[in-house]
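S.K.: Please find the sequence and the predicted model below.
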Amino acid sequence: MSAVLQSPLATAAAPLEITPLAGRIGALIQGVRLSGELAPETFAAIHQALLRYKVVFFRGQHHLDDASQQAFASLWGDVVAHPTVPSRNGTQILELDSQHGGRANSWHTDVTFDVDYPKVSVLRGVTIPESGGDTVWSNTAAAYEELPEELRALADRLWAVHSNDYDYAATRVEPDDAGAQHYREVFRARLIEAQHPLVRVHPETGERTLVAGHFVKRFAGYNTHDSDRLFEIFQHHITRLENTVRWQWTTGDVAIWDNRATQHYAINDYGKQHRVVRRVTVRGEVPVAVDGQRSFVPGNAVTHPA
């Protein structure tokens, strides 16, 4: 039975129960009604839990609509729209609808093709299948820590080009459809690339985290064959089961993850059942490598010390 942790930062009016869900990542938070008007102490407790557990979950947030979800997300910083996919009804919310191509069943960190990709994502379950459709998150800080010393030394020196020109078909085993094809065309409406260190220093915790996932195009200075092998090595460590937590969605659930320290995978195992989730992302910082250099846009390779 999981221990229930009482947050010392929670107010007496809104005590938080924080229950770890897996050994290295993930916690369920109870005793709070999410909104854009949370008491500062309550928000601070959630913030600290996120930094510790990397992804936190809330059940029964049925009161949230698009506006209140976005208002809550804005507590974390500047809300940003997806750079290519249109937002929902004038908001900055990205809707992922399984009937319109929104099935990203591949390991990734959100929008790493942007040089200052989001630091936090807030996802709300709107329409959830009766079975299937879980999401899995991995802890990229734990993955770095468990690397052998020689691999950590190599990782500290590697840089990779990330691009939104991702070949979704390469990881698909099910037949494609017109909705998915249209979604990919919109997603890649304009080419966006960024070059990131494989290892970034987390700006709040100081942890070293691995920046990989399916938007990696190639490692700088390596040919395609060597890049693929390097990617497989480090990605394998990130997605080891010991570094993961799996969430079984119900309608009204909210998941919040630290996009600087996680990857995630939305499992496409629910066939023709309908699944709709809506995501708000918060502007992130330009990643800083262990040597102080910052991420940059290829072709504009000016780096600055931290």
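M.R.: Nice, thanks for sending it over.

S.K.: For the stretch 101-250 of the chain, which segments count as strands?
M.R.: In the stretch 101-250 of the chain, the segments counted as strands under DSSP state E, counting those that start in this stretch are 120-127, 135-139, 159-163, 193-197, 199-201, 208-210, 216-219, 244-247.

S.K.: Export these to TSV and append columns for mean neighbour count, mean pLDDT and distance to Ile233.
M.R.: The C-beta positions use only the backbone N, C-alpha and C, and glycine is treated the same way. Output for these, formatted as TSV (neighbours: other C-beta atoms under 10 Å; pLDDT from 0 to 100; distance: least, C-beta to C-beta, whole Å):
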stretch	mean neighbour count	mean pLDDT	distance to Ile233
strand 120-127	23	97	26
strand 135-139	25	98	15
strand 159-163	22	96	13
strand 193-197	22	97	16
strand 199-201	22	98	14
strand 208-210	25	98	11
strand 216-219	20	96	11
strand 244-247	20	98	18
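
S.K.: Nearest to Tyr265 among these would be which one?
M.R.: Nearest to Tyr265, of all these, is strand 135-139, at 4.8 Å by C-beta to C-beta.

S.K.: Put the alpha carbons of that closest one into CSV.
M.R.: The C-alpha trace of strand 135-139 is given here as CSV (Å, rounded to 0.1, in the frame of the first residue of the first chain):
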residue,chain,number,x,y,z
THR,A,135,-0.4,7.1,-21.2
VAL,A,136,3.1,6.2,-20.0
TRP,A,137,5.7,8.7,-18.7
SER,A,138,9.4,8.1,-18.2
ASN,A,139,11.8,9.9,-15.9
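
S.K.: quick one: strands adjacent to it?
M.R.: strand 244-247 (antiparallel), strand 262-266 (antiparallel) (DSSP bridges).

S.K.: hmm, back to that, which one, of the strands of the stretch 101-250 of the chain, ends up nearest to Arg278?
M.R.: So among those, strand 120-127 is nearest, using C-beta to C-beta, at 5.1 Å.

S.K.: Who are the packing partners of the closest one?
M.R.: Packing partners of strand 120-127 (3 or more C-beta pairs under 8 Å, 6 or more residues apart in numbering; DSSP states H and E): helix 66-73, strand 254-258, strand 276-282.

S.K.: avg pLDDT for the longest one?
M.R.: For helix 66-73, the per-residue pLDDT values average out at 97.

S.K.: Mind listing the strands whatever helix or strand comes next after it pairs with, and their directions?
M.R.: Counting by DSSP states H and E, the next helix or strand C-terminal to helix 66-73 is strand 79-80. Counting by DSSP bridges, the strands paired with strand 79-80 are strand 276-282 (antiparallel).

S.K.: chain center to the partner strand, what's the gap?
M.R.: 11 Å (C-alpha atoms, centre = their mean, to the nearest Å).

S.K.: hmm, who's touching that strand?
M.R.: Strand 276-282 is contacted by residues 66, 69-70, 73-74, 76-80, 82, 88, 92-98, 102, 110-111, 118-127, 249, 259 when judged by C-beta atoms under 8 Å, 6 or more residues apart in numbering.

S.K.: go with 7 Å
M.R.: 66, 69-70, 73, 76-80, 88, 92-97, 110-111, 118-127 (C-beta atoms under 7 Å, 6 or more residues apart in numbering).

S.K.: what about the helices in this protein?
M.R.: Assigned by DSSP state H, the chain shows helices spanning 40-53, 66-73, 140-145, 149-157, 178-187, 224-238.

S.K.: Let me know which of the ones you listed is tucked in deepest.
M.R.: helix 140-145 (a mean of 23; mean count of other C-beta atoms under 10 Å).

S.K.: quick one, which of the helices and strands packed on strand 120-127 is nearest to Phe58?
M.R.: Of all the helices and strands packed on strand 120-127, strand 254-258 comes closest under C-beta to C-beta, at 4.4 Å.

S.K.: Run the chain-centre distance for that closest one.
M.R.: With C-alpha atoms, centre = their mean as the basis, strand 254-258 stands 8 Å off its chain's centre.

S.K.: That one to strand 276-282, inter-axis angle?
M.R.: 40 degrees (axes from the mean of the first three to the mean of the last three C-alpha atoms, to 10 degrees).

S.K.: now for strand 254-258, which elements pack on it?
M.R.: helix 40-53, strand 55-58, strand 120-127 (3 or more C-beta pairs under 7 Å, 6 or more residues apart in numbering; DSSP states H and E).

S.K.: Any idea which of those gets closest to Glu207?
M.R.: Closest approach to Glu207 among these (C-beta to C-beta): helix 40-53, 9.1 Å.

S.K.: Just want the angle from the closest one to strand 120-127.
M.R.: 90 degrees.

S.K.: quick one, helix 40-53 and helix 66-73 angle?
M.R.: 80 degrees.

S.K.: No further questions, thank you.
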